[in-house]
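Engineer: Below is the sequence, then the predicted model.
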Amino acid sequence: MNAVAQKAIDKFLEFTDSDIAAYADSCVHCGECAEACHFYMATNDPKYTPTYKLFPMVKAYKRHKAPMAGLKKLFGLVPPEVTEEELRQWEPLVYDSCTMCGRCTLVCPMGIDVAGSIRKMREGYVAAGIIPDGLVDAGKNAERTGSPMGVTFKALSAQIAHQEAETGIKIEIDKKGADYLALLSSMEIMGFPEIIGSYAKMFKEAGVSWTISSEAFEATNVGVQIGSGKMAKSLVQRVVDAAEKLEVKHVISPECGHAYGALRWAGPNMVGRQFKFEVIHIIELIEQLRNEGRLPAGEKDTRRITLHDPCQIIRRGGLLQEPRKLMDDSCSDFVEMEGAGVCNLCCGGGGGVSANPRAEELQMAAFSQKLKQISDIGEVEAVVVPCANCRTVFEDGLDEFEVELEVIGLGELVAETLSTK
Amino acid sequence: MSLLQIFEGPLFYIAVTVFMIGATWRILGIIAIGRKTDISPPKASANVGFIAGNLRHFLPRKVFAKRTWVHIVAGYSFHLGLFVLVIFAAPHITFFHDRIWDIRWPALPRWGLIIAAQFAFAGLIMLWVRRFSDPVMRLISDWDDHIGSWLTFLVMLTGCLALQESHDALKATHMLFVDIWLIYFPFSRLMHAMTFFLSRGYTGATYGRKGMNL
């Protein structure tokens, strides 16, 4: 047995729990999942069928771990062993063409969670060392600085200073005993730093006590994207240590797709205990403050605006109504796309795809589906994208397809349309 | 002992025993693998999610219907048609009464059975034709998918031939295929008829406790 393949198989089997077993034993190969996958929709290439992407892991399960595998082996009725060549052949399917968006689960008659299964499958790929170069680099940056883009606190400080000057509001760093610790994503810090000013404006208005940590400001968890539980745990631990040191009551997950799931749901399981603070998504917090009357809406944006639903926040994060309520409060002409909400199309760059240069062409093809979904509702002047990663994918995609459309974050929109007393 | 007596007597009981033990083994085997205890504070009930997930996936979503209507129509047609045939055909009710339990229920009239059979056949044939004509299904299908489809087809076909109960040979042929189908079931993907409950349920439970949208 090839040592590389064996490492992957061992991890596949380690991560094959009852969920994976039930999925593998329930899939009837109907292929409906392909019809929900933006990569298949964009290319019509059958290899992008979501269930097909799982084949190596399913093979390992059926050969080694499935009930009756032993009996079937006696009669030569189990699949052959997974090979290194096969793993390498599947690598682009596992990393380049799955954003772990979970749309395929909605169409699957068996309710198979392909996204969650791919997350587990990637653990096998990491064990075997078969990872796209772009993600390897992001992982190295994260190990060094906590940020996949290598953003340091020095760089963040410069952005904070700029936002303080813009808003005239002082932003507290490492304030012990603050109620909220705000996390940011690297993409926000470097690409959309105005969100920091938006936080400052909203939290000042609402009377929220908050801070940013100099030791753990990064929410992005590249370990989750790559499929490295070890790395994911160390990145979560960094946040937990800082939050508990500062004795905050809540940690705010930013407008970043998978960061919320990594910290809120996977986090305690990785660290092995419940946190001494609560994790809250920024959209949940803003909506909560608005409901409490602490963040009153002011004059609405009158442009025709639509909302993109980041998969990990809306479909897989459960925050379906909150952004819509905020949109209704902030826009006078909010228009939804067909299939908006739970079934909305992914931008094409989640799950580490946007950090993987090899997948760029495929990502653009997937984004064309998103663009079509937007163009189907007629002319819109702006799209609200409450995820910094999606937002970057949107900006790159709009540029590539030469489409004029303003892309804004939800926090910024709310901050810009606050009531001015 | 005639072939019919063997196929609906000892062989049938052997087939049912293999079916029961095999299916139970697989279901318990999947459950026994286990799931890690999730210690993150839940937003809602995983148990409710388990049930909700099962119910929600019975209903196709409108937004996907344009692209998946063939499967929706064929899938429902086949499964509902087959369900009606198995449960409400008069010979089946009598067989269950004589061989398994002491209960009877009203049978469908012959015209009802013919309609149900037409739906079941049309659905199954459409699904099978897609297995080799649709590029996606062709890529992901294997021998188990084809054997399962063909065995089910032969059970249904011989069942229709035996409906008149005009000749023991026809009935014996039907019973032979039923026995083979029952023995094949627990070793094959036909098991989806039972494992779907776990598959949908586990996803529903995960989504449910996280407050995710089903």
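Structural biologist: Yep, that arrived. Residues are numbered from 1 along each chain as shown, chains lettered A, B, ... in the order given.
Engineer: Every contact and neighbour count from this point should use C-alpha atoms.
Structural biologist: Will do.
Engineer: can you pull out the strands in the stretch 251-400 of chain A?
Structural biologist: Taking DSSP state E, counting those that start in this stretch as the test, the strands found in the stretch 251-400 of chain A are A:278-281, A:301-307, A:331-334, A:382-384.
Engineer: got JSON lines for those, with mean neighbour count and distance to chain B too?
Structural biologist: Listed next are the strands of the stretch 251-400 of chain A as JSON lines, based on neighbours: other Cα atoms under 10 Å in any protein chain shown; distance: least, Cα to the nearest Cα, whole Å:
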{"stretch": "strand A:278-281", "mean neighbour count": "19", "distance to chain B": "9"}
{"stretch": "strand A:301-307", "mean neighbour count": "19", "distance to chain B": "17"}
{"stretch": "strand A:331-334", "mean neighbour count": "18", "distance to chain B": "20"}
{"stretch": "strand A:382-384", "mean neighbour count": "20", "distance to chain B": "20"}
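Engineer: need those in a markdown table with mean pLDDT, can you?
Structural biologist: Formatted as a markdown table, these follow (pLDDT from 0 to 100):
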| stretch | mean pLDDT |
| --- | --- |
| strand A:278-281 | 96 |
| strand A:301-307 | 96 |
| strand A:331-334 | 96 |
| strand A:382-384 | 97 |
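Engineer: right, so of those, which gets closest to A:Gly31?
Structural biologist: Checking the strands of the stretch 251-400 of chain A against A:Gly31 by Cα to Cα gives strand A:301-307 as the closest, at 29.3 Å.
Engineer: Tell me, what's the model's pLDDT at the residue in the stretch 301-421 of chain A positioned nearest to chain B?
Structural biologist: When distances are taken as Cα to the nearest Cα, the stretch 301-421 of chain A reaches nearest to chain B at A:Gly318, 3.8 Å away. The score at A:Gly318 is 88. That number is its pLDDT.
Engineer: ok, it touching B:Arg209?
Structural biologist: No: applying Cα atoms under 8 Å as the test, A:Gly318 and B:Arg209 come out as separate, 10.2 Å apart.
Engineer: ok, now which ones touch the closest residue to chain A within chain B?
Structural biologist: Nearest residue of chain B to chain A: B:Met212, at 3.8 Å (Cα to the nearest Cα). Residues touching B:Met212, when contacts are defined by Cα atoms under 8 Å, 6 or more residues apart in numbering or on different chains, comprise A:314-319.
Engineer: Pipe these into a markdown table and attach neighbour count per row.
Structural biologist: What follows is those, written out as a markdown table (neighbours: other Cα atoms under 10 Å in any protein chain shown):
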| residue | neighbour count |
| --- | --- |
| A:Ile314 | 23 |
| A:Arg315 | 25 |
| A:Arg316 | 25 |
| A:Gly317 | 23 |
| A:Gly318 | 20 |
| A:Leu319 | 22 |
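Engineer: and the gap between A:Ile252 and B:His79?
Structural biologist: Applying Cα to Cα, to the nearest Å, the value for A:Ile252 to B:His79 is 47 Å.
Engineer: of these two, who's got more company?
Structural biologist: Neighbours around A:Ile252 and B:His79, counted as other Cα atoms under 10 Å in any protein chain shown, are more numerous at A:Ile252. The numbers are 23 against 18.
Engineer: for the more buried one, what are its contacts?
Structural biologist: Listed by Cα under 8 Å, 6+ apart, the contact set of A:Ile252 reads A:180-183, A:279-282.
Engineer: tell me the SS of the residue in the stretch 101-250 of chain A that chain B sits nearest to?
Structural biologist: Of the stretch 101-250 of chain A, the residue with the smallest distance to chain B, taken as Cα to the nearest Cα, is A:Gly111 at 4.5 Å. Taking DSSP: H, G, I helix; E, B strand; the rest coil as the rule, one finds A:Gly111 in the coil state.
Engineer: Surely it touches B:Leu55?
Structural biologist: No: shown here, A:Gly111 and B:Leu55 do not form a contact pair, counting by Cα under 8 Å, at 10.4 Å.
Engineer: In chain B, which residue sits furthest out from the middle?
Structural biologist: Relative to the centre of chain B, and counting by Cα atoms, centre = their mean, the farthest-placed residue is B:Pro41 at 37.2 Å.
Engineer: State whether that one is indeed within a helix.
Structural biologist: No: secondary structure assignment places B:Pro41 outside any helix; it is coil (three-state DSSP).
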